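K.L.:
Curious how this folds, go ahead:
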Amino acid sequence: MELIARLENIEFFVKQLKAKHDDLQSENEKLKEKNKELEDLVNSKKLEIDNLEVTNKNSKLAGSVPPTQDNSDIKHQIDLIIKEIDNCLTLVKK
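P.N.:
This is a model prediction of the structure:
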């Protein structure tokens, strides 16, 4: 009789452990999803920062161009920078 009671007690604790394990697994999955969302947000913000840095660089470059320089040269430089940005975006998306 005592053996049956001990086995039932062990069974009760095993069921409690199983329930706790299931809860922790569920919480772990939620945390993994949240972590992925935050990583995506960080990557998005990094990309935004990079784009703003390029824009800032372009603004400084445009401000440093002497007024006597031909506009076609400036347009060509801007086109090259835009192509470089497009290449960077393509690499980031991969």
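K.L.:
Now do the helices in this protein.
P.N.:
For the chain, the helices defined by DSSP state H cover 2-64, 71-93.
K.L.:
and the angle for the last one with helix 2-64?
P.N.:
This means helix 71-93. Angle between the axes of helix 71-93 and helix 2-64 is 170 degrees (criterion: axes from the mean of the first three to the mean of the last three CA atoms, to 10 degrees).
K.L.:
quick one: low-confidence parts of the chain?
P.N.:
Regions of the chain meeting the criterion pLDDT under 70 cover residues 65-70.
K.L.:
Kindly recompute the last result at 90.
P.N.:
Where the chain drops to pLDDT under 90, the residues are 1, 57-77, 79, 83-94.
K.L.:
So which residue is smack in the middle of it?
P.N.:
Asp40 (2.4 Å; CA atoms, centre = their mean).
K.L.:
distance of it from Glu33?
P.N.:
In this view, Asp40 and Glu33 are 11 Å apart by CB to CB, to the nearest Å. (Glycine included, C-beta is placed from N, CA and C.)
K.L.:
Overlap in contacts, these two.
P.N.:
Common contact partners of Asp40 and Glu33 (CB atoms under 8 Å, 6 or more residues apart in numbering): none.
K.L.:
Perfect, I'm done here.
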